[in-house]
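In: Any chance you could fold what I've pasted below:
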Amino acid sequence: MNEMIFKYIEKGISMKDDDFDGIYPEEVRPMAFTHFTPIEIAIRAAKFLVQKSGTKVLDIGSGAGKFCMIGSVCTNGHFTGVEQRDNLHLLAEQILKKYQLKNINFINSNINQIEFSNYEAFYFFNPFYENIIQFEKIDDAIDVKNDLYDEYSNYVKNQLDLMPLGTRLVTFFSAYDEVPISYQLISKDDRQKISMWEKKE
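Out: Numbering: from 1, shown residues only. The predicted model follows:
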């Protein structure tokens with residue numbers, strides 16, 4: 001099954017997230033339900049963000065790379081994931097190599113070291129939330145504290161505000177603290193907690 005997962009997504013064949021998450025080691029799978037983007041959401045988000053061939057999409061807090069991997073096979077965009085946890089970054093790189101996925105790269109860094117002007121569209125699955133709801137944190141590999149939530153959210157907000165008109169953003173399970181007022185809500189699905197935005201002014 002694992003060998004065909006990305007072929008299925010590419011061909012539009014539906015599958016369960018449990019099947020996809022089988023590509024991860026057993027010790028990583030328990031975090032998937034809370035911290036990894038569901039397949040359906042990833043496909044919807046990627047197709048909204050990629051407006052033309054080669055659109056450069058940044059996944060802010062990419063974890064083990066699930067969104068980028070799905071986006072790369074269901075669209076013709078180029079996906080970059082930034083993740084500060086060394087172990088999740090390394091795992092994403094290993095899976096990328098194993099399945100020979102194209103149009104993806106992963107960066108092991110903090111978001112406040114990333115220049116947004118190198119990208120054209122952005123995906124945000126609230127990676128900063130663990131700083132204020134610490135019982136939901138992934139592990140103890142990084143420091144989590146309330147001040148970091150504001151620091152990171154403000155950095156993302158300021159960077160997004162500098163982007164040109166037409167820039168697209170998708171937020172998933174977000175309080176919108178990182179969304180500038182210059183972005184207009186295009187569509188929203190309260191049931192699935194996904195919102196789609198575009199910079200208008």
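
In: So which residue is smack in the middle of this structure?
Out: Taking CA atoms, centre = their mean, the centroid of the chain lies closest to residue 59, which sits 3.7 Å from it.

In: My guess is that residue contacts residue 79. True?
Out: Yes: at 6.5 Å, residue 59 counts as touching residue 79 under the criterion of CB atoms under 8 Å. Yep, even glycine has a C-beta here, placed from its N, CA and C like the rest.

In: residues in contact with the residue nearest to the centre of the chain?
Out: If you count contacts by CB atoms under 8 Å, 6 or more residues apart in numbering, residue 59 has them with 67, 68, 71, 79, 80, 81, 82, 123, 125.

In: looking at this, it is in a strand?
Out: Yes: read with DSSP: H, G, I helix; E, B strand; the rest coil, residue 59 is one of the residues of a strand.

In: can you pull the contacts of the residue nearest to it when sequence neighbours are not counted?
Out: Excluding the flanking residues, the one nearest residue 59 by CB to CB, 6 or more residues apart in numbering is residue 81, at 4.2 Å. Contacts of residue 81 were listed using CB under 8 Å, 6+ apart, and they are 58, 59, 62, 63, 65, 67, 68, 92, 104, 105, 106, 107.

In: Can you list the strands that the helix or strand that the last one is a member of pairs with?
Out: With elements taken from DSSP states H and E, the one containing residue 107 is strand 104-108. Its sheet considered, strand 104-108 pairs with strand 78-83 (parallel) by DSSP bridges.
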